[in-house]
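**Q** heads up, no residue letters with this:
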C-alpha cells in the first residue's frame, strides 16, 4: 500500500450501509461487532484491517451515515433477541478524527444502551473523552480498551504516525478510571526487534500501573503480504539494520514472497517467550493479564463481577 506513510489528511465521504452489526468467529468463539466507519486515519504500519477490498484504507474514510438507524433495526429483529457482547470496532478506530465530524459512534452506543447490549470499545484515540457521560452511566455493562504499542515517541511517530502521544492517551485513561469505568490496555501488536524488549514493555506497564489500569494483555505481530511490505519500511526507518533478515530467518521463519491471504505468526518459541515475559511483568505489578469479565443473568443483561461463573470477553476477540 504505497500511500501508507503520508502526512496528507484523508478525505471523508458518507455512504449508506445495508447492515451494521455482524457476527464473527475466531476459532470456536463467536461474538458481534460493529464498524461505523471504513478506513482509518491512524496510519498504523502494522494494521490488520488493510485488505485488498479497501485499497484506500488510509486515504479515504467512509462514514456509514445510516449506521445508528440500521443498528437499531437489526437489534429489533428476531435474529438478535439475545445480544452477545458487541465489539466497537473490529476493523477501524471508532473514535478516529472522523467521529468528531459525524458522531456515528456516539449514536450507535446510545442505541446499544437502549437495548441493554453489553459492549467493549477498542481505540487509540483521545476523542473518546467526549463520551465520558455515556460510558460512565453504563459502566456496569461496558469496558474500554486502548491499544498502546509503545511509550517511545520516536518509535510511535514511525509505526503509527496518526495516533496521539501515549501520555495524552493515558491522561484520558486516568479520567475514565477515576470515573469508575472499567479500562484495559492492549499491547497489540508487540513488534519484534522494535517494542518487544523488557525496557519497552516496562515503560507501558509502569504507565498503566501509575494510571490505575487493572487489566493489560497483548499479542505478537502477525504478518501478511501487505503488512510485511510496510514493516520493511518501518525497520528501515528505525535503522534496524538486520531487521528484515531477522524477521525472515529467526522470528517468523518464512521465505518471500508471502502469498496473498496468508497470515504468518512468529515462531512458537519466540511468541511463548515474549508472552510469558509480558504476563509475568503484568502480574508482578498486581495487574491482571486478561480482559475484564461479564456474567450473564437470566434476563441476558450482564454486569461486572468477580464470580467464578464468568463469561470472559477474551473469547470474543
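**A** Noted; the coordinates are in hand. Just so it is clear, the model here is predicted, and its values are computed rather than measured.
**Q** going forward, measure contacts between C-alpha atoms and count neighbours the same way
**A** Will do.
**Q** pLDDT weak spots in the stretch 51-200 of the chain?
**A** Where the stretch 51-200 of the chain drops to pLDDT under 70, the residues are 53, 78-82.
**Q** now the helices for it?
**A** Ranges of helices within the stretch 51-200 of the chain are 67-76, 98-102, 104-114, 132-137, 153-159, 166-178, 198-210, based on DSSP state H, counting those that start in this stretch.
**Q** let's have those helices in a markdown table, adding distance to residue 234 and mean neighbour count.
**A** What follows is the helices of the stretch 51-200 of the chain, written out as a markdown table (distance: least, Cα to Cα, whole Å; neighbours: other Cα atoms under 10 Å):
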| stretch | distance to residue 234 | mean neighbour count |
| --- | --- | --- |
| helix 67-76 | 35 | 18 |
| helix 98-102 | 26 | 16 |
| helix 104-114 | 31 | 19 |
| helix 132-137 | 35 | 17 |
| helix 153-159 | 6 | 17 |
| helix 166-178 | 19 | 18 |
| helix 198-210 | 17 | 16 |
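**Q** okay, those in JSON lines with distance to residue 12 next?
**A** Below are the helices of the stretch 51-200 of the chain laid out as JSON lines (distance: least, Cα to Cα, whole Å):
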{"stretch": "helix 67-76", "distance to residue 12": "16"}
{"stretch": "helix 98-102", "distance to residue 12": "7"}
{"stretch": "helix 104-114", "distance to residue 12": "13"}
{"stretch": "helix 132-137", "distance to residue 12": "25"}
{"stretch": "helix 153-159", "distance to residue 12": "23"}
{"stretch": "helix 166-178", "distance to residue 12": "24"}
{"stretch": "helix 198-210", "distance to residue 12": "33"}
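**Q** residue 13 is nearest to which of those?
**A** Residue 13 lies closest, by Cα to Cα, to one member of these: helix 98-102, at 9.7 Å.
**Q** give the other helices and strands that that closest one contacts.
**A** Packed against helix 98-102 by the contact rule (3 or more Cα pairs under 8 Å, 6 or more residues apart in numbering; DSSP states H and E) you find strand 60-64.
**Q** residue contacts, the closest residue to residue 158 other than its chain neighbours?
**A** Leaving aside its sequence neighbours, residue 158 sits nearest to residue 234 (Cα to Cα, 6 or more residues apart in numbering; 6.6 Å). The contact partners of residue 234, by Cα atoms under 8 Å, 6 or more residues apart in numbering, come to 45, 158-159.
**Q** 10 Å instead?
**A** Neighbour list for residue 234: 5, 45-46, 155, 158-160, 194, 228, 240, 243-244 [criterion: Cα atoms under 10 Å, 6 or more residues apart in numbering].
**Q** one more: residue 223?
**A** Shown in contact with residue 223 (Cα under 10 Å, 6+ apart): 46-48, 229, 231, 247, 252, 258, 262-266.
**Q** redo those as CSV? Include secondary structure.
**A** What follows is these, written out as CSV (DSSP: H, G, I helix; E, B strand; the rest coil):
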residue, secondary structure
46, coil
47, coil
48, coil
229, helix
231, helix
247, helix
252, coil
258, coil
262, coil
263, coil
264, strand
265, coil
266, coil
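**Q** give me the buried entries from those residues.
**A** 46-48, 229, 231, 247, 252, 258, 264, 266 (16 or more other Cα atoms under 10 Å).
**Q** kindly reformat those residues as CSV containing pLDDT and distance to residue 10.
**A** As requested, these are arranged in CSV below (pLDDT from 0 to 100; distance: Cα to Cα, whole Å):
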residue, pLDDT, distance to residue 10
46, 96, 18
47, 94, 16
48, 92, 19
229, 94, 21
231, 96, 21
247, 98, 31
252, 98, 33
258, 95, 29
264, 97, 30
266, 98, 32
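**Q** right, and residue 258 touches residue 252 too?
**A** No - assessed by Cα atoms under 10 Å, residue 258 is found out of contact with residue 252, at 11.5 Å.
**Q** any shared contact partners between those two?
**A** Common contacts of residue 258 and residue 252 (Cα under 10 Å, 6+ apart): 223, 264.
**Q** for residue 42, which non-adjacent residue is closest in space?
**A** What sits nearest to residue 42 in space, not counting adjacent residues and going by Cα to Cα, 6+ apart, is residue 162, at 3.9 Å.
**Q** next one: the longest helix anywhere in the chain to chain centre, how far?
**A** Selection of the longest helix in the chain by residue count, based on DSSP state H, yields helix 268-284. With Cα atoms, centre = their mean, to the nearest Å as the basis, helix 268-284 stands 20 Å off its chain's centre.
**Q** elements contacting that helix?
**A** Using 3 or more Cα pairs under 10 Å, 6 or more residues apart in numbering; DSSP states H and E, the elements in contact with helix 268-284 are strand 183-190, helix 198-210, strand 215-220.
**Q** those: which one's closest to residue 166?
**A** Comparing those by Cα to Cα, helix 198-210 comes nearest, at 8.9 Å.
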